[in-house]
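Trainee: need a 3D model of the sequence below.
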Amino acid sequence: MIYLLCKSGHVVEAPPMAGGSTQPSAILEPTPTSMPSQPSIIPQGKGICLLSLDGGGSRALSQLKILADLMHMMNFNAKEDEIQRPRDVFNMIGGTGSGGFIAILLVILKLTADEALDVFAELSVKVLDVPDLDVATRGAVLEDHVHGILEKHELEREKRLVEINTRPEDCKLIVPVSYKDNVGAAYILRNFETRQEKANNLTIAQAMMATLSTPSLFPSISVVKDFSTFEFVSGELALGNPAGKVIIEAHAAFKPEEHVTCILSLGSSYGSAIGMSMDSTPPGWNHNLTRLVINSEQKAEEIDAQMGHLGIYHRFRVTQGLEMIGSVDPGIILTHTSVYLTDVSISRKMELCVKSLRIRDGVVPLEQLVHSGGKALLPTPLPQATDAFIMRKEPWEFIEKALFGGEETDERRMLVVTGLGGCGKTQIVLKFMRQYKEKFSKQFFINGSSEAHIRADIIRHVRSLSIEHSQWDLDDCLLFLSQKTSSAPRLLVYDNVDDPEIDLLSLIPQGDGCVIMITSRNYLLGDICPGSHLKLDKMSIDESLLLLFYPQAQLDQIEAESKEEAILVAEELNCLPIALQQARSYTSQTRCSFGAYLERLYENRKKLLDRPLSYSHDSRNISTYASFAASFERITVRDKQFLRLLSCVHCNEFPLDLLNDAAQHNFSDYETKYHDHEDEIKSGQALLKDIFLLNGEWDVTNLDDVILSVRNYSLINLLTGVGTTLVQMHSLLHEWIRSCIPEQELVTYQSAAVLLIALGAREDPTSSARYLAGHVTQLSSIWDQLNPNESEAFASILQGCGSFQDAVYLRERVVTSLTGRVDLLPTSIIDAKALLASTYRELGNFTEAEKLQQEVLQSKREILGELHGETLAALSELALIHRELDQFDKAEALHQQVLRLRRETDGERHPETIKELSNLALIHLHMGQFKKAEALQREVVKSRKEIFGKFHPDTINASVTLAVMYRNLERFSEAEALMLEVLKMRKGTLGERHPLTVDAKGHLSTTYRFMKRFVEAVRLQEDVLKFRTETLGTRHPSSLEAANNMADLYHMQGRVQEALNLQEDVVKWSKEALGEDSLGTAEAMITLAEIYESLGRRPEALTTIKSAITIIIDVLGEEHPFYEECRALASRVRPSRMRRLIARLRALVCRA
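Mentor: Modelled structure (predicted):
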């Protein structure tokens, strides 16, 4: 049914048009005075919007007219698919009496405001305002009318409220009704379930009738619940204005921390106040409603006062024009409502309301709204800082310099602090805010967890400054903040902006009116201001100790034993602040020592690091592991797989180029392969392809996406390595991720990790190769489960990095595994033995090496023939073993034989022929035949230049060997010139930090040492030592050699104390890395003994040199040619012979 508003002010039924249509030709209503200019009505924020509808009988038509105009403004210029209904705009709609009926039309029947106006106008004319009906008859008329409404909108009579609302995000309905026998007690009808109360699930029809069942006009509605019958009547007798109830219900239905954007309260028009009447006629009841409406308005004033200047409460109701009208005529109500809406002040209020609904910037949390309202709008308070704050010198100075240092500038001062969850970002910023409070006119602390929170906090802060700002939206606030103040600048802190989807720059004021600080787990956020990006990491050891012993301020007052235990705890927790705080809290509460805590940590790591911090001020980081989980759960499945894979290898220095190398080999092609892949490897291969291939194809940009994603939460760090980028993960995070891998998936992840590392074992060195040994060692617990292919790959990596003992262990396992197998090629076991023999040689176990190599050579001859390339390579390897045994005549004879055969089979200029010529040159060098050695090596260099070119690695390597020969011939100038040329070429082709470039520096340093140019030698050697320590660690054989040479140079330069300090460390590290009984350790001890001797500490020198000789004798064994000489030297150890003894031992060790 359609009604028209006539010039007389009455509503009449529209006449039928052609074809039976009842659409009006015109609707005589005023147009709103102004319209919003935005073309789109898609909401920007996610604030909660609430609509409250008062009771008031037929007078509620004015509410619908106001709502219809407001929705018209909302939808102005909207596209057809953007048109919104009230239930699309408001998160909750509540009403009492006739307002409850309208709420049901809007929420359950999903009507537009105009459609609801038509329905309610018809209800008023045909039911509410019909005279001369008794209660029972009017109730029957209402029931029929309600059923007609439902039928018209295709809803079954028995359809219930809760069945309609199937999605949690749908608009929620609340309708307060009263018990017949206790009108003052409200019962809430809802279209959703709550945790506190099960819904009394009335039918829609029952709900519509109950909210209109005013006593003396309609009968009560009976509902059976739990075998009892309840009588419900309209709730407007007790609650004419339900706005307060709507706020309370929203607090229960939504999260308490959800922010409210808008509360729209629509009241009914009213006449003069009179006393209550029991007249059951509509005119009599309308007089009663007038009194109720006045009470509703008093409630509205209370709510308005409670809202203060939040700017979220919008109240509309017709205030003039109906005072003297006794009857309630729909036409008159709509006329006066239209006049009310033309008022300029009302039009402005409507525009502000529409703007608020459009932008949806949350302003105040429901929690505050329910308990304290907004009478005194306060800015977001600062979180409470930890009591145990430890000043971190370097980060603090960085912050001060970024925000206060440097020249005066008109540019905005900004700082971004990023780091892993729990590293102390927020705490150091809070300390800064408190310490420098006087430097800023205002400090705003903004919750950066979501865009909605950021918008809400900015608006909240600005509106708190003055009532003049109470209607400002975000753009107004940002513009205001961008302006300079007459005094000090404002400080804005955006805390925990972790979501990479947030467009933060659009939420930061432009200009230089504010100083900006941002904390985030998102490392990439630092690109906003690269020069002021503080990458907050773990604490230093001293800072960690101060935290563990807090509040004790002086470390020198702590007992040595307790301090040592605390250092171990700090190292075990990798100095992560939140983990240290947990340790401090636990030891304080349980009164256990740090040593006892460490034991507990070893046994129950997960339990301790999952343990919430007592009295924590920050619920986001209640424990170390909870902090990790908060980041981990936000990344994609593929990102999680990537991190789980990394958790199966070492937490430091994972080379990203390895992934590219592995992909190029199809995640399956080993360098050395003895047998086909097994099922475990196939599952690992499938996982690698799942993570790193997209549609079966490798694309490095897909890897870039994964890296960017996990760096968004600072779950990894990237470091610059030599020729590759390295991934680093905090050790505690690394352990936690691995512990969270489902047990049934762990084998697959380990298999994938083994396969990935094994694919890095290549004959031609890659940029990744030097970083793989640590990852192989990390997997040592499953070495015994490896198949021969994997064991060989791991052994190759370990041998390449100097871990010969472990390489021997793995290659012995390979030989044992392959022995007796009939499903392999005949040469497989021979190749495995050949590799084992070469490892024995590298380890110094020459007897075993020779024995095994003889067996290999014999087998190669039998299977492949005397002249086969592999047979000749085996013969050359045997010659190298003889050279190591100082059996130079045998070695020379074999090299001559191999050289002759190579020339016959491969030709004079074949690379293998030239390589053999170089081996022969080295034999002459060891035999002291320097002239012959030089002549042969010159020929090698010449041939390689002709074949490969001057800049080929093999040519350069040959030049290095020739330079060493010049040095032994004491032709230092030629040696220097050649090494300078080598160094220049390696810098040009490989770069400053390539290992081979650094090796060239080491050779040049040694040349300068022989030339007694110690200053230049020291400068170069310090570079070598620094590089090897940084890239390989202090305990790598190459690092130990560099440190030994460095100490030797300090000694020669007269810097004896520095030499002693360094060499004592070298001996210690050599014992840890190479073993107590190794020639490397013995050589380090000889250098240390020499330093002791020069310091006059002869007893220590004697003890050290005797230990070194014992090691050398044990390592060489009785069959070694130097064995007897070493025994003789051991018997002649005397203080007076110390220097000659040291010199002889040096020579023996170098040759051995």
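Trainee: so where's the stretch 601-750 of the chain uncertain?
Mentor: 613-621, 678-680 (pLDDT under 70).
Trainee: hmm, 80 instead?
Mentor: Where the stretch 601-750 of the chain drops to pLDDT under 80, the residues are 612-622, 676-681, 722.
Trainee: what ranges do the helices span in it?
Mentor: 605-610, 624-632, 637-646, 657-664, 679-692, 700-711, 731-739, 743-758 (DSSP state H, counting those that start in this stretch).
Trainee: report all helices and strands that the strand or helix carrying Val339 contacts.
Mentor: According to DSSP states H and E, Val339 maps onto helix 330-341. Applying 3 or more CB pairs under 8 Å, 6 or more residues apart in numbering; DSSP states H and E, we find helix 330-341 packed against strand 3-5, strand 11-13, helix 61-75, helix 344-359. Just so you know, the C-beta spots here come from the backbone N, C-alpha and C atoms, and that holds for glycine as well.
Trainee: which neighbouring elements make contact with the third one?
Mentor: Contact here means 3+ CB pairs under 8 Å, 6+ apart; on that basis helix 61-75 packs against helix 86-89, helix 98-107, helix 113-123, strand 259-266, helix 330-341, helix 344-359.
Trainee: now the angle from it to helix 98-107?
Mentor: 30 degrees (axes from the mean of the first three to the mean of the last three CA atoms, to 10 degrees).
Trainee: and the last one, by the same measure?
Mentor: Inter-element angle recorded for helix 344-359 and helix 98-107: 40 degrees (by the same axes, to 10 degrees).
Trainee: so what strands line up beside the helix or strand just after helix 344-359?
Mentor: Counting by DSSP H and E, the next helix or strand C-terminal to helix 344-359 is strand 364-365. For strand 364-365, the pairing partners within the sheet under DSSP bridges are strand 259-266 (antiparallel).
Trainee: residues near the residue lying closest to Phe654 once chain neighbours are set aside, how many?
Mentor: Leaving aside its sequence neighbours, Phe654 sits nearest to Val727 (CB to CB, 6 or more residues apart in numbering; 4.3 Å). Using other CB atoms under 10 Å, Val727 has 24 other residues around it.
Trainee: can you name the residues bridging to Val727?
Mentor: In beta-bridge terms (that is, DSSP bridges), Val727 pairs with Phe654, Leu718.
Trainee: where's Asn1045 relative to Ser1039, distance?
Mentor: Distance, Asn1045 to Ser1039, by CB to CB, to the nearest Å: 11 Å.
Trainee: those two: which is more packed in?
Mentor: The residue with more neighbours, out of Asn1045 and Ser1039, is Ser1039; 23 against 20, by other CB under 10 Å.
Trainee: element containing the residue nearest to the more buried one when sequence neighbours are not counted, please.
Mentor: Closest residue in space to Ser1039, ignoring its immediate chain neighbours: Arg1028 at 4.2 Å, by CB to CB, 6+ apart. Arg1028 is located in helix 1014-1032, with elements delineated by DSSP H and E.
Trainee: which strands and helices sit next to that helix?
Mentor: Helix 1014-1032 packs on helix 995-1010, helix 1037-1053, going by 3+ CB pairs under 8 Å, 6+ apart.
Trainee: need the winner for burial among the helices of the stretch 601-750 of the chain.
Mentor: Comparing the helices of the stretch 601-750 of the chain by mean neighbour count (mean count of other CB atoms under 10 Å), helix 624-632 ranks first with a mean of 22.
Trainee: show me the contacts for the residue minimising distance to the centre of the chain.
Mentor: With distances taken as CA atoms, centre = their mean, Tyr713 lies nearest the centre of the chain, 1.9 Å away. Contacts here follow CB atoms under 8 Å, 6 or more residues apart in numbering; on that basis Tyr713 touches Gly421, Asp498, Arg521, Asn522, Ser631, Phe632, Arg634, Ile635.
Trainee: next, the residue in the chain sticking out farthest from the centre: phi, psi?
Mentor: Centroid-distance maximum for the chain: Asp132 at 72.8 Å, with CA atoms, centre = their mean. Phi and psi for Asp132, reported as degrees, to the nearest 10, are phi 60, psi 40.
Trainee: how close does it get to Lys65?
Mentor: Taken as CB to CB, the span from Asp132 to Lys65 is 28 Å.
Trainee: picking up where we left off before, ranking the helices and strands packed on helix 330-341 by burial, who's on top?
Mentor: Taking mean count of other CB under 10 Å, helix 61-75 is the most buried of those, at a mean of 24.
Trainee: now that one - C-alpha only, CSV.
Mentor: C-alpha atoms of helix 61-75 as CSV (Å, rounded to 0.1, in the frame of the first residue of the first chain):
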residue,chain,number,x,y,z
LEU,A,61,6.6,7.9,11.8
SER,A,62,8.8,10.9,12.4
GLN,A,63,11.7,8.6,13.2
LEU,A,64,11.3,6.8,9.9
LYS,A,65,11.0,10.1,8.0
ILE,A,66,14.3,11.3,9.5
LEU,A,67,15.9,7.9,8.8
ALA,A,68,14.7,7.9,5.2
ASP,A,69,16.2,11.3,4.6
LEU,A,70,19.5,10.3,6.2
MET,A,71,19.7,7.1,4.1
HIS,A,72,18.9,9.2,1.0
MET,A,73,21.9,11.3,1.9
MET,A,74,24.0,8.2,2.5
ASN,A,75,23.1,6.7,-0.9
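Trainee: I'm done for today, thanks for sticking with me.
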